[in-house]
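Trainee: next input, structure requested:
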Amino acid sequence: MASNKEHIVMLPFMAHGHLIPFLELARKIHHTSGYTITIACTPLNITYLRSTMAGDHRNADNTINLAELHFCSSDHGLPPNTENTENLTLDEIGHFFYSSTSLRTPVQKLLSDITHSEGKPPLCVISDCFYGWAVDVAKSAGTTSVSFTTGGAYGTLAYTSVWFNLPHRKSEADEFNVLGFPDRCRFHVTMLHRFIRNADGSDIWSRFMQPQLLKSMESSMWLCNTVEEIEPLALDWLRNFINNGRPVWAIGPLLPPEMVTDDDHHHQRRNFKHSAKKPGVSPEDCIKWLDLHSPDSVLYISFGSQNTISPDQMMALADGLEKSSMPFVWVIRPPSGKGEEMKNKAMEIKLHIRASIKDDGVEKGSSVKAVEGFIASVLLERKRQ
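Mentor: All right, here's what the predicted structure looks like:
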């Protein structure tokens, strides 16, 4: 007998910076709809999510399920028990990304098991935009495919378009245009990470990113971890780039509630134990990282508590550090002359974020409306199938 309750399956990429937004999205969707949510990932990442959720009252009724997907890193030439990008070299990270396509088979089995158990397929599959293969898996299971980008609209458009076109390879100048952005928006080659700068279409990174991101474009709709009021232009550009009438829902910010509360006193007392990572780097973590390096091998950069440098100097220093390939600890202060401006901009963004998540029974913020709109869209897709 078919269940009357809808079920949504979520597939985050194997990295902490993706797992936490997926978890917060699951909580937001469940709060809005009451649907059952299953987050599926590799065993060690599920263990991480389980520890993150432990003691959180928002999961007291166990409405978010966690499902393990079989993955053996050594089958892909990676170190044993490698299930995230930490402690990997850049070359190994490229192979790690590529290895994620092997999750296709266990995901197919998971969807088949849910369909058999509940008498119908899940309402939709929300997959990381790096999992383009999940689009066909969802379609073959008779459900709707949804791509989720854990970044903002501007970054997602830039990242996706650069990988599709490798525009820096077609330009002899250091500055170049990127498809999807207005001509006035020029990019500089130093803005690209070296694995993108070195990509030529045949390397391991290109062979993963290009087909996966391209396939993600075939999803029925996209979710973006941003706020409509903060990135209105970038969202317009991203929607035009994805095209073909596919909606892009701005459902961010996907943060634990205590990080966007109006209670400043609570802000000072909040406990980050069960949310994402602590802000900054703790002394203990810094010491552990230093212990991994030999004596006199780490650079320490600091201009003191009262001094700072200009934005151009900061960019030049960052470029030099990257080219040096040296491990470093850099104590950063806002660029000179920018402190007050950055403080005011941060306050403006905070106000937009708080307004976007407002839901007091009378007025709803843009992100709340976006989640409701997304749910309505996938229900409509279900009727069309």
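Trainee: which residues of the stretch 201-350 of the chain score low on pLDDT?
Mentor: 257-280, 304-308, 334-340, 342 (pLDDT under 70).
Trainee: what segments of it are helices?
Mentor: Using DSSP state H, counting those that start in this stretch, the helices found in the stretch 201-350 of the chain span residues 204-216, 232-242, 264-269, 283-291, 311-324, 339-356.
Trainee: of all those, which lies closest to residue 363?
Mentor: For the helices of the stretch 201-350 of the chain, distance to residue 363 was read as Cβ to Cβ. The smallest value, 9.1 Å, belongs to helix 339-356. C-beta coordinates here come from the backbone N, C-alpha and C atoms, glycine included.
Trainee: list the buried ones in the closest one?
Mentor: When neighbours are counted by 16 or more other Cβ atoms under 10 Å, the buried residues of helix 339-356 are found to be 352, 353, 356.
Trainee: over to stretch 109-118?
Mentor: Counting neighbours by 16+ other Cβ under 10 Å, the buried set in stretch 109-118 is 110, 111, 114, 115, 118.
Trainee: distance to residue 15 and pLDDT added to these, as TSV?
Mentor: Shown next, in TSV, are those (distance: Cβ to Cβ, whole Å; pLDDT from 0 to 100):
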residue	distance to residue 15	pLDDT
110	20	98
111	23	98
114	25	97
115	29	97
118	30	96
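Trainee: and the two most separated of those?
Mentor: 110 and 118 (12.3 Å).
Trainee: pretty sure residue 237 contacts residue 152?
Mentor: No. The pair residue 237 / residue 152 is not scored as a contact, 11.8 Å apart, by Cβ atoms under 8 Å.
Trainee: any idea how far residue 371 is from residue 359?
Mentor: Summarising the geometry, the distance separating residue 359 from residue 371, computed by Cβ to Cβ, to the nearest Å, is 10 Å.
Trainee: of those two, who's got more company?
Mentor: Looking at residue 359 and residue 371 with other Cβ atoms under 10 Å, you find the greater number of neighbours at residue 371, namely 22 against 15.
Trainee: which element is that one on?
Mentor: In this assignment (DSSP states H and E), residue 371 forms part of helix 366-384.
Trainee: what do you get for residue 93?
Mentor: Residue 93 belongs to helix 90-99 when assigned by DSSP H and E.
Trainee: check contacts around residue 25.
Mentor: 10, 126, 148, 223, 225, 251, 254 (Cβ atoms under 8 Å, 6 or more residues apart in numbering).
Trainee: redo that, cut-off 7 Å
Mentor: By Cβ atoms under 7 Å, 6 or more residues apart in numbering, the contact list for residue 25 reads 148, 251, 254.
Trainee: which one (most neighbours) among the residues you listed?
Mentor: Each of the contacts of residue 25 was scored for neighbours by other Cβ under 10 Å, and residue 251 scores highest at 29 neighbours.
Trainee: how far away is it from residue 225?
Mentor: From residue 251 across to residue 225, the span is 7 Å (Cβ to Cβ).
Trainee: what's the answer for residue 137, then?
Mentor: For residue 137, the distance to residue 225 - Cβ to Cβ - is 23 Å.
Trainee: give me the contacts around stretch 29-39.
Mentor: In contact with stretch 29-39 (Cβ under 7 Å, 6+ apart) are residues 5-10, 12, 22-23, 26, 49, 63-67, 123, 371-372, 375.
Trainee: in this protein, which residue is most central in space?
Mentor: Centre of the chain computed as the mean C-alpha position; nearest residue by Cα atoms, centre = their mean is residue 150, 2.4 Å away.
Trainee: ok, now which ones touch it?
Mentor: 17, 18, 21, 225.
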